[in-house]
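K.L.:
sequence-free structure coming up:
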Ligand SMILES: Nc1ncnc2c1ncn2[C@@H]1O[C@H](COP(=O)(O)OP(=O)(O)O)[C@@H](O)[C@H]1O
Ligand SMILES: Cc1ncsc1CCOP(=O)(O)O
Ligand SMILES: [Mg+2]
């Protein structure tokens, strides 16, 4: 009953209609999204983008960036399996994206796990990402610019623990900051919006976080002037796909498959009845 009330309010706010409009734009425009990502996530990330209707390209060589990056509608940079030889290409691509006024999205995987990784993430933040999406521990580490107690790529905090960290990171960087978790939190440093869709089993599939970051890049590609709204919409749509997938899944492996199928098959009615987004401030 309480859940129905929250959904009713979300519907009245126009969020479901916006999420559906942006998903439809991705399906019709099929934006080219360049992804420089970790070796674990490449497959799920590319398939997430394809099932949403976007066109992924996992192109990471610095030799190709000057020719290729200007053609992409958005860039996704993910430091999950970072090494010193990949970092220059990430920075170069970010510079090309910024110079050509294309949105780019940073996923600071395990930012607080090592000094090398934290420094690299802070340097990437200096290159003005449009959106930063991490889990709560990553956003707290990046916001404080300090190493923390780490579970590596997984979070040891709830997303709601990271609201202040996310706001201050957004204010300091100029980026929209998204913290994923049971409730996904999105802020521009002033407004705070919560996206409530998703199922806990999504945490049991590696690279769901990476994949939703790439999906954010696709949503921002089709609405670059409203990056906060596009980010919230992407997180909600991915969460709804998880909910629909969970109705058919027996565990993480089948959820992985059904999530992708559900994202591909989402329709207006499902998006309007399930998307649940609320303003926190
Ligand atoms: N407890 C949860 N309930 C519902 N959805 C969740 C939960 N935890 C994570 N998710 C969803 O799973 C996806 C990955 O988020 P998360 O696990 O926080 O990222 P990461 O893999 O980077 O740590 C997001 O779409 C998020 O909304
Ligand atoms: C397990 C692992 N190790 C390095 S990157 C990576 C994937 C992390 O994916 P996600 O952040 O989406 O859980
Ligand atoms: Mg992650």
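P.N.:
Happy to help now that I have it. Only a predicted model underlies this, so the values are computations on that prediction, with no experimental measurement involved. Ligands and ions are numbered 1, 2, ... in the order given.

K.L.:
what does the stretch 151-281 of the chain put close to ligand 3?
P.N.:
residue 209 (C-beta under 5 Å from the ion). Backbone N, C-alpha and C define where each C-beta goes, glycine included.

K.L.:
how deep is residue 119 tucked in, by neighbour count?
P.N.:
By the criterion of other C-beta atoms under 10 Å, residue 119 has 13 neighbours.

K.L.:
how about residue 263, phi and psi?
P.N.:
Main-chain torsions, residue 263, degrees, to the nearest 10: phi -60, psi -40.

K.L.:
measure it to residue 178 for me?
P.N.:
Distance of residue 263 to residue 178, computed by C-beta to C-beta, to the nearest Å: 18 Å.

K.L.:
quick one, which of these two is more surrounded?
P.N.:
More crowded of residue 263 and residue 178, by other C-beta under 10 Å: residue 178, with 30 against 25.

K.L.:
what's the neighbour count on the closest residue to the more buried one other than its chain neighbours?
P.N.:
Counting by C-beta to C-beta, 6 or more residues apart in numbering, residue 178 lies nearest to residue 133, which is 4.2 Å off, once chain neighbours are set aside. By other C-beta under 10 Å, the residues close to residue 133 number 32.

K.L.:
just the pLDDT for whichever residue of the stretch 101-250 of the chain sits closest to ligand 3.
P.N.:
Residue of the stretch 101-250 of the chain nearest ligand 3, by C-beta to the ion: residue 209 (3.2 Å). Per-residue confidence at residue 209 stands at 98 (pLDDT).

K.L.:
cool, and residue 7?
P.N.:
If you check residue 7, the pLDDT there is 53.

K.L.:
now stretch 19-35: average pLDDT?
P.N.:
For stretch 19-35, mean pLDDT is 98.

K.L.:
do it and ligand 2 come into contact?
P.N.:
No. Applying C-beta under 6 Å from any ligand atom, one finds stretch 19-35 separated from ligand 2 by no less than 12.8 Å.

K.L.:
near ligand 1 at all, that stretch?
P.N.:
No. Using C-beta under 6 Å from any ligand atom, stretch 19-35 never reaches ligand 1; the gap is at least 13.7 Å.

K.L.:
can you give me the buried ones in that stretch?
P.N.:
Neighbour-count burial for stretch 19-35, counted by 16 or more other C-beta atoms under 10 Å, picks out 19-20, 22-23, 25-26, 30-35.
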